[in-house]
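>>> sequence below, structure please.
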Amino acid sequence: MKKQRHLYLFGNTEHKWYKLGVSYSPESRMDAFQEFLPFPVELIAAVRFTWLDGFRAFEAEKCLQQHYAGYRQRGEWFRDLPVEAVVTHIKKLAKAHNAN
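This next block holds a predicted model:
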């Protein structure tokens, strides 16, 4: 069975730092970062893209990162994102790309 990619948002709502990205395992990705962060993070949203459509996860990620570029701090890290709007946007992208 082929691995499936996930488009995810994790972060800390108190400190308002967030990461938008793509990973085979968003939980593992989050745990890897947690070791180096001065605050805890939680998985806020994740949608799975099937293997055949996995490349669309990267298209969706690029769309989100461009749309919220004004909040970008460095790489895939964002500050003060309108979290509810981002989660809604992720869900819309997932539906458009038949992800779940």
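
>>> low-confidence ranges in this structure?
1-2, 51-55, 97-100 (pLDDT under 70).

>>> which element is the residue lying closest to Leu43 once chain neighbours are set aside on?
Nearest in space to Leu43, with sequence neighbours left out and distances taken as Cβ to Cβ, 6 or more residues apart in numbering, is Phe10 at 4.8 Å. Yep, even glycine has a C-beta here, placed from its N, CA and C like the rest. Here Phe10, judged by DSSP states H and E, is contained in strand 5-12.

>>> for that strand, name the packing helices and strands.
strand 17-23, helix 26-34, strand 42-49, helix 54-67, helix 83-96 (3 or more Cβ pairs under 8 Å, 6 or more residues apart in numbering; DSSP states H and E).

>>> most tightly surrounded among the ones you listed?
Ranked by mean neighbour count, the helices and strands packed on strand 5-12 are led by strand 17-23 with a mean of 21 (mean count of other Cβ atoms under 10 Å).

>>> where's Phe33 relative to Leu93, distance?
To Leu93, Phe33 is 22 Å away according to Cβ to Cβ, to the nearest Å.

>>> equivalent analysis for Thr13, please.
Relative to Leu93, and taking Cβ to Cβ, Thr13 is found at 21 Å.

>>> do the same with Lys16
22 Å.

>>> picking up where we left off before, would you list the helices and strands packed on strand 5-12 in a markdown table and tack on distance to Gln73?
Formatted as a markdown table, the helices and strands packed on strand 5-12 follow (distance: least, Cβ to Cβ, whole Å):
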| stretch | distance to Gln73 |
| --- | --- |
| strand 17-23 | 8 |
| helix 26-34 | 14 |
| strand 42-49 | 17 |
| helix 54-67 | 12 |
| helix 83-96 | 15 |
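
>>> now for those, which one comes closest to Gln4?
Proximity to Gln4 (Cβ to Cβ) singles out strand 42-49 among these, at 5.1 Å.

>>> check the offset of that closest one from the chain's centre.
Centre-to-centre, strand 42-49 and its host chain are 6 Å apart (Cα atoms, centre = their mean, to the nearest Å).

>>> repeat that for stretch 16-35.
Relative to its chain's centre, stretch 16-35 lies at 8 Å (Cα atoms, centre = their mean).
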